[in-house]
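Asker: Quick one, fold the following:
(chains A and B)
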Number of protein chains: 2
Amino acid sequence: MKSVTLHSPATIANLVCGFDIIGLCLKEPYDIMTLEWSDQPGLTIEHIDGYGLPILPEENVAGGALLALMRELEPEIGMRLIIDKKIMPGSGLGSSAASATGAVLAANRLLQHRFTNEELLQFAMCGEKIASGVKHADNLAPCLMGGVTLIRSIHPLDVIDIPSPELFISVVHPQIEVKTSDARRILKKEVPLRSAIKQWGNIGGLIAGLMKGDHDLIGRSLEDVIIEPIRNILIPGFEEVKSRSLAAGALGGGIAGSGPSVFMLSKNHDTAVAVESEMKAIYSRMGLDAKTYVTSLNSEGIHITHEAA
Amino acid sequence: MKSVTLHSPATIANLVCGFDIIGLCLKEPYDIMTLEWSDQPGLTIEHIDGYGLPILPEENVAGGALLALMRELEPEIGMRLIIDKKIMPGSGLGSSAASATGAVLAANRLLQHRFTNEELLQFAMCGEKIASGVKHADNLAPCLMGGVTLIRSIHPLDVIDIPSPELFISVVHPQIEVKTSDARRILKKEVPLRSAIKQWGNIGGLIAGLMKGDHDLIGRSLEDVIIEPIRNILIPGFEEVKSRSLAAGALGGGIAGSGPSVFMLSKNHDTAVAVESEMKAIYSRMGLDAKTYVTSLNSEGIHITHEAA
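Answerer: Numbers count the residues shown, from 1 in each chain, chains lettered A, B, ... in the order given. Now for the predicted structure:
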């Protein structure tokens, strides 16, 4: 194998009540990445998108992940990575996770599956650390495995695949900046036990609802009493998006990752389109530029489009 | 129908990480209860066990539950309840829940299923309030429905049945008293967000593990970082019971309800018996009287043994 090209998809972490633990994979958007063997030892990175992301491997999210993987290899190998990023950085939709996960999965294809999924996630977390300063896996796991994933534990890493019925997702990305570090800083370090209990009821309900394919239960469980009431102030229009989406038939939703994108889950495509219309109308009236789209749950995760020997 | 006799089983609430939300139903022990129509309006209660529980309906747990149900009926009816309690009060094994739930289920049979399960739980909660001062449903729901139940929400009441593989349960009841009110009072009102996140990862893992029939995942998820580290000081020998049970092959376990009983889950009967031996040895060496037994998950809940027309 000389080169691998793949689609590395957007993901939604912090799935409402599942802060830091539940994420899901989207069909769209996705980054297009090609990784090739090179005769020169070491790693070179090229971005053919217009986002101006760093191309020095140790400053680049995909680069950091690949370097972690390459440190496990002997003798030193050479690789060249070309990234066409379609997931806007800072949107809250797992842009850095797509880079990190796509890069290590591509490398593992070139290396004939030398590493396990868990090892790949560990390498990818080294990339995520460059983006957010923290090693977390709640975008990486759904990007790699597809569907809905639960991070039961981060030390040691324990990722659980959660079977889910088909879901449609409406996303609105108001064109404002929310820094992950700010979104983290405003959280309280202590939470009331009563709220924690409410939250864990909803987490249990969400997992059970997904596994039973019970959309009503999923909807009832999509409630976050701890993070959302603090973070929603960072996103103008949030409460209106939520209430009008629910009125339009959405099951529920919340802040994607640490924002500023907001997502809503629906049982069918028509409802998701109606929800998208509500989202558009709200930001249009506010005079705030916002991108919207409708996609669906991606049960496959990263998709290989081309391999050349 | 003139009378109903049933077995109302013991239950374990606060299932490790699932404090206040997850409970399971045991095959044994169970209370034996008979409810009969009476020509005299009102309710009389007779206890044929030796526990000296109050028999005035408004002071009796089963009585409080039945009075709540009877308030919904017109004209006033007369009933006579005979309780042979086998679940020791104060053991942490849902003794009061068995009384409250058994009473209202029996009444509903006499009334030809006039009330829904949810209504029965609401009546039973009025009985639980007499025992603990709080309306909670985490013992009532598994007693009524059998198996493992999740209380997603208490206001409004939302009880979810969680499919589970077969499980064997070793129980040790050290003969000490732990008051539910004391066990509640020592809890902290605030918990660290980091611990809450760890707990909700385990709750998600436990629900997924039960529904997948994945015993390893169930075992990994049976960890409580919030309540157990505070309450375990109330139960002499707790840490040793836990470590030796795990060494003997138990999946995991913890404090039953608010104690003092301690339970351990196992994948098969032989392991559960080995765990029981460890429990016996520990308290025997400590010179503390302790009752132990092995039972299994009761997927049926309350069992009707006799109905007379």
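
Asker: pLDDT weak spots in the stretch 1-150 of chain A?
Answerer: A:1 (pLDDT under 70).

Asker: Next, the buried residues of the top strand by length along chain A.
Answerer: Ordering each strand of chain A by length in residues (DSSP state E) puts strand A:22-37 first. Neighbour counts over strand A:22-37 (16 or more other C-beta atoms under 10 Å in any protein chain shown) mark A:22-36 as buried. C-beta here means a position set from N, CA and C on the backbone, and glycine is covered the same way.

Asker: Over to stretch A:39-49?
Answerer: Those would be A:Leu43, A:Thr44, A:Ile45, A:His47, for stretch A:39-49 by 16+ other C-beta under 10 Å.

Asker: For that stretch, measure first residue to last.
Answerer: Using C-alpha to C-alpha, to the nearest Å, the end-to-end distance of stretch A:39-49 comes out at 25 Å.

Asker: got the phi/psi numbers for the residue of the stretch 51-200 of chain A found nearest chain B?
Answerer: Residue of the stretch 51-200 of chain A nearest chain B, by C-beta to the nearest C-beta: A:Arg152 (3.8 Å). The phi and psi values for A:Arg152, taken as degrees, to the nearest 10, are phi -70, psi -40.

Asker: Quick one: residues contacting it.
Answerer: A:Ile21, A:Asp158, A:Val159, A:Ile160, B:Gly201, B:Asn202, B:Gly204, B:Gly205, B:Leu217, B:Arg220, B:Ser221 (C-beta atoms under 8 Å, 6 or more residues apart in numbering or on different chains).

Asker: for the helix or strand hosting A:Gly219, packing partners?
Answerer: Following DSSP states H and E, one finds A:Gly219 within helix A:215-221. With contacts taken as 3 or more C-beta pairs under 8 Å, 6 or more residues apart in numbering or on different chains; DSSP states H and E, helix A:215-221 sits against helix A:193-212, strand A:252-255, strand B:148-154.

Asker: For B:His173, find the nearest of those.
Answerer: strand B:148-154 (21.3 Å; C-beta to C-beta).

Asker: Format the CA atom coordinates belonging to the closest one as CSV.
Answerer: Extracted in CSV, the C-alpha atoms of strand B:148-154 (Å, rounded to 0.1, in the frame of the first residue of the first chain):
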residue,chain,number,x,y,z
VAL,B,148,-33.7,-4.0,36.8
THR,B,149,-35.4,-0.6,36.6
LEU,B,150,-34.2,2.9,36.0
ILE,B,151,-36.0,5.8,37.6
ARG,B,152,-35.2,8.4,34.9
SER,B,153,-37.2,11.0,36.6
ILE,B,154,-39.3,11.2,39.8
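
Asker: and it with strand B:22-37, angle?
Answerer: 90 degrees (axes from the mean of the first three to the mean of the last three C-alpha atoms, to 10 degrees).

Asker: Any idea how many residues pack against the residue in the stretch 201-309 of chain A positioned nearest to chain B?
Answerer: Using C-beta to the nearest C-beta, the closest approach of the stretch 201-309 of chain A to chain B is made by A:Gly205 at 3.8 Å. By other C-beta atoms under 10 Å in any protein chain shown, 27 other residues sit near A:Gly205.
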